[in-house]
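[1] Next input, structure requested:
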Amino acid sequence: MAVSSFPTAPLDLQDDEMHRRQIASSLNQVLVGKQNNVLDVTLAASSATTTLSDQRIGVNTAILLSPTSANASAELAAGGIYFAQASRVNGSAVITHANNSQTDRTFKAVLVG
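    Predicted coordinates for the structure are as follows:
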């Protein structure tokens, strides 16, 4: 799974002016949508579930899927793809989906919260 990566500001820096500049730069990136919360997901072939693992996932994390292939779009349109609340734990969530042999059901996943 690829993860988007944008620079973060350090928690502390001896040069106060440089620190403020880095904080402002990071905040400006967030305001235009550049956040480190997007990753690639491919649904498991010949299985009815796929486990999405990431340290940023918590029990209340919203996981939004955006299809990046025709088969992923069809999977989403069929309405059978979901994350059961009981499958969400700190560090992972299980995606329930159709069981078929397609290997290109790929998505961008956005983690919020």
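
[2] what residues are up against the nearest residue to residue 89 once chain neighbours are set aside?
    Using CB to CB, 6 or more residues apart in numbering and skipping residues adjacent in sequence, the residue nearest residue 89 is residue 59, 6.5 Å away. From N, CA and C alone the C-beta is placed, and that goes for glycine too. Neighbour list for residue 59: 85, 88, 89, 90 [criterion: CB atoms under 8 Å, 6 or more residues apart in numbering].

[3] can you check residue 92 too?
    51, 52, 53, 54, 57.

[4] can you tell me the helix or strand for residue 107?
    Using DSSP states H and E, residue 107 sits within strand 106-112.

[5] Which parts of that strand count as buried, going by neighbours?
    107, 108, 109, 111 (16 or more other CB atoms under 10 Å).

[6] Stretch 40-47 now?
    41, 42, 43.

[7] picking up where we left off before, could you tell me which of the contacts of residue 92 count as buried?
    Buried among the contacts of residue 92 (16+ other CB under 10 Å): 52, 54, 57.
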